[in-house]
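Enquirer: no FASTA, just this:
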């Protein structure tokens with residue numbers, strides 16, 4: 001690995017860390033925001049929801065932006081959005097301002113979720129690509145842990161009504177660092193070829209450590225010329241019904257597990273079980289650490305046990321854990337088991353859905369419609385995340401904290417049977433073999 005490749009990968013991966021941090025930092029602020037801005041359960045849900053609206057918009061529009069100006073330049077825009085959001089949320093003068101800046105941060109999250117892996121994949125040599133793109137996912141989970149840890153540290157400083165501002169403001173420094181790093185890395189060679197800048201593209205390949213930059217450049221040029229000669233094919237033409245079903249269902253079920261509701265409202269969930277604010281913040285740190293370790297475990301198992309096997313194992317573990325959490329809140333007993341059940345849930349989620357979703361969506365579509373298919377699966381994921389996040393506090397206030405967890409357990413039961421009977425195993429198969437198995441010619 002060359003110095004330039006390491007720098008480019010670190011910059012792209014830092015986008016993943018900010019993605020995770022901005023996603024989870026809201027968990028530590030919900031109690032104070034409710035008090036400061038006199039939020040109802042509905043308006044609290046809207047405060048969390050608006051960031052996900054921005055994420056959906058950012059994810060759906062950033063791919064086109066990246067094609068137009070290149071992934072590096074598009075990531076610079078995302079870094080500016082992160083910085084503006086962090087500053088704006090920290091100094092928000094009223095609830096409306098906070099909503100605007102959270103939406104801007106969502107745009108950055110959604111955009112970097114698409115552009116970061118694309119940039120790394122376009123630069124990385126084939127033998128490093130899987131691990132280097134995987135580094136982006138690891139950094140997302142690391143960012144979630146960093147958010148929980150910073151929230152806990154700030155909660156011990158007894159900053160009073162300023163606490164939530166500090167929790168949002170911590171992201172200012174890494175956002176600025178991300179922007180600076182993006183001015184010290186090259187544009188991707190593939191994008192340069194699409195704009196006929198082949199001389200610079202060859203230089204970038206050399207900087208990235210290509211053993212034969214001329215041959216690799218020719219391969220890229222030939223591939224792009226071939227792509228330009230093909231007519232775009234619609235995704236919804238009847239031939240791709242099975243991949244479409246698989247992408248949408250795994251995207252929806254990822255969120256119907258309740259993962260983002262738990263990540264966003266972790267402090268509130270622990271508080272409703274009787275934990276103090278500082279104790280709740282510490283519990284979330286444990287959740288974040290387990291999430292990181294289990295994600296690493298899942299990534300090490302995905303090519304050994306297979307996608308389908310991991311999803312089935314994960315479904316069973318999540319059903320048991322979610323049913324247990326629901327029982328605690330329905331009976332108001334055994335609250336001491338809450339953190340352990342959530343840890344069990346996180347472990348089984350991370351080694352299954354958390355590790356499988358993006359790999360599976362990328363595998364089930366043939367090359368000619370893969371980008372459209374990935375966009376569809378990603379959109380299903382983010383839209384369902386937004387809806388669940390919006391209504392979680394409303395359901396809790398009208399029924400019980402146990403109600404959404406009982407619903408999530410039922411959804412994971414549905415996932416188990418869908419995976420068991422309808423999901424094919426893709427482990428160890430080439431993309432062409434998967435395509436033939438689906439009967440796509």
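Expert: Alright, I've got the coordinates. Since the model is a prediction, treat every value here as computed from it, not as a measurement.

Enquirer: what comes up buried for stretch 389-405?
Expert: 389-396, 400-405 (16 or more other Cβ atoms under 10 Å). C-beta: built from backbone N, CA, C; applies to glycine.

Enquirer: ugh, wrong one, stretch 54-62
Expert: 54-60, 62.

Enquirer: Ok, stretch 10-20 next?
Expert: Result for stretch 10-20 [16+ other Cβ under 10 Å]: buried residues 11-20.

Enquirer: Would you map the helices across the stretch 1-150 of the chain?
Expert: 3-24, 30-36, 41-69, 71-90, 95-123, 126-155 (DSSP state H, counting those that start in this stretch).

Enquirer: so can I have JSON lines of these showing mean pLDDT and distance to residue 202?
Expert: Below are the helices of the stretch 1-150 of the chain laid out as JSON lines (pLDDT from 0 to 100; distance: least, Cβ to Cβ, whole Å):
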{"stretch": "helix 3-24", "mean pLDDT": "78", "distance to residue 202": "14"}
{"stretch": "helix 30-36", "mean pLDDT": "87", "distance to residue 202": "51"}
{"stretch": "helix 41-69", "mean pLDDT": "84", "distance to residue 202": "21"}
{"stretch": "helix 71-90", "mean pLDDT": "91", "distance to residue 202": "17"}
{"stretch": "helix 95-123", "mean pLDDT": "84", "distance to residue 202": "14"}
{"stretch": "helix 126-155", "mean pLDDT": "76", "distance to residue 202": "17"}
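
Enquirer: In TSV, list those along with distance to residue 425.
Expert: Shown next, in TSV, are the helices of the stretch 1-150 of the chain (distance: least, Cβ to Cβ, whole Å):
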stretch	distance to residue 425
helix 3-24	28
helix 30-36	40
helix 41-69	28
helix 71-90	32
helix 95-123	24
helix 126-155	18
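
Enquirer: quick one on the thing from earlier: and of the buried residues of stretch 10-20, the nearest to residue 165?
Expert: residue 18 (18.5 Å; Cβ to Cβ).

Enquirer: my guess is the closest one meets residue 116, correct?
Expert: No. Applying Cβ atoms under 8 Å, one finds residue 18 not in contact with residue 116, separated by 9.4 Å.

Enquirer: Show the contacting residues for residue 266.
Expert: 27, 148, 280, 283-284, 287, 342 (Cβ atoms under 8 Å, 6 or more residues apart in numbering).

Enquirer: Quickly name whichever of those residues is closest to residue 123.
Expert: Within those, proximity to residue 123 (Cβ to Cβ) peaks at residue 148, which comes in at 30.8 Å.

Enquirer: Need the max-distance pair from the buried residues of stretch 389-405.
Expert: 390 and 402 (19.4 Å).

Enquirer: So which bits of stretch 146-165 are buried?
Expert: 146-152, 154-155, 163-165.

Enquirer: May I see the contacts of residue 266 arranged in TSV, with secondary structure as well?
Expert: Below are those laid out as TSV (DSSP: H, G, I helix; E, B strand; the rest coil):
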residue	secondary structure
27	helix
148	helix
280	helix
283	helix
284	helix
287	helix
342	helix
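
Enquirer: Count the residues that sit near residue 138.
Expert: When neighbours are defined as other Cβ atoms under 10 Å, residue 138 has 18 of them.
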